[in-house]
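A.B. asks: Pasting the sequence and the predicted model now:
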Amino acid sequence: MEESRSSTPEAPPQDLWSSILDSVSSTRSIPSKQVLILGQPSTGKSLLASALLQKPVSDGDKDESRTDFALGYDWADVRDDGDEDTLARLSVYTVPSDAKAYTSLLPHFLPPKSTLPHTAVVIVLDWTRPWTFVEELEMWLRWVEQWTKGDGSREVEIVREENRERLQYKYIYSITQSLMRTHSLPLRT
């Protein structure tokens, strides 16, 4: 006996396209890393950002009287040697000065809870005014400390502690490796 087949195909699940898109996006997600460049006007932040992103410096960036608005942002994809696969996305944020109008915007673009483990902070100083180094460093470090505290939630404190431990481990590891190279000691495992 022949089994009768339905002339209409079975209806696909309601979220078929959503599940397909979700699976593709999760397998192709590109890790994102951020660099936050802090400094006063005319200290070379734009030049540093261009160098990090391996992009040419535009003529507007060379102009000493350039005006910065809010936050600077640029990005580049980090590719493998064959230039085929994107390994990561590097985002660079620049803050024009320590004015509260600028620094208060950062937590909205770089919330510490989610970005702290993937963000490097660079403080750029004006080498034509070395007598301001200590004061500027203290000011920016206070701001960084405040930013990393975020909203003071327990989740942010956990992220800070994990980063502190990771940094301590990398520091100890690099010192150990340096000592072993300097004194030609065999590595014990």
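C.D. replies: Cool, the structure landed.
A.B. asks: quick one: the helices in this protein?
C.D. replies: For the chain, helices defined by DSSP state H occupy the ranges 16-27, 45-53, 59-62, 100-103, 106-109, 112-115, 133-149, 154-183.
A.B. asks: need those in TSV with mean neighbour count and distance to Val124, can you?
C.D. replies: Glycine gets a C-beta too; all of them are placed from N, C-alpha and C. As requested, those are exported to TSV (neighbours: other CB atoms under 10 Å; distance: least, CB to CB, whole Å):
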stretch	mean neighbour count	distance to Val124
helix 16-27	10	36
helix 45-53	18	5
helix 59-62	10	14
helix 100-103	14	14
helix 106-109	14	16
helix 112-115	18	20
helix 133-149	14	9
helix 154-183	11	21
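A.B. asks: mind checking which of the ones you listed is nearest Asp81?
C.D. replies: Taking CB to CB as the criterion, Asp81 comes closest to helix 45-53 out of those, the separation being 18.2 Å.
A.B. asks: for that closest one, the distance to its chain's centre please.
C.D. replies: Taking CA atoms, centre = their mean, to the nearest Å, one finds the center of helix 45-53 at 14 Å from the center of the full chain.
A.B. asks: Could you list the low-pLDDT ranges of the protein?
C.D. replies: Along the chain, the model assigns pLDDT under 70 to residues 1-28, 58-69, 83, 184-189.
A.B. asks: Mind doing that once more with 90?
C.D. replies: Within the chain, the segments meeting pLDDT under 90 span 1-32, 42, 46, 54-73, 75, 77-89, 96-118, 147-189.
A.B. asks: could the helices of the chain go into CSV alongside distance to Trp75?
C.D. replies: Written out in CSV, the entries for the helices of the chain read as follows (distance: least, CB to CB, whole Å):
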stretch, distance to Trp75
helix 16-27, 18
helix 45-53, 7
helix 59-62, 16
helix 100-103, 19
helix 106-109, 12
helix 112-115, 14
helix 133-149, 20
helix 154-183, 22
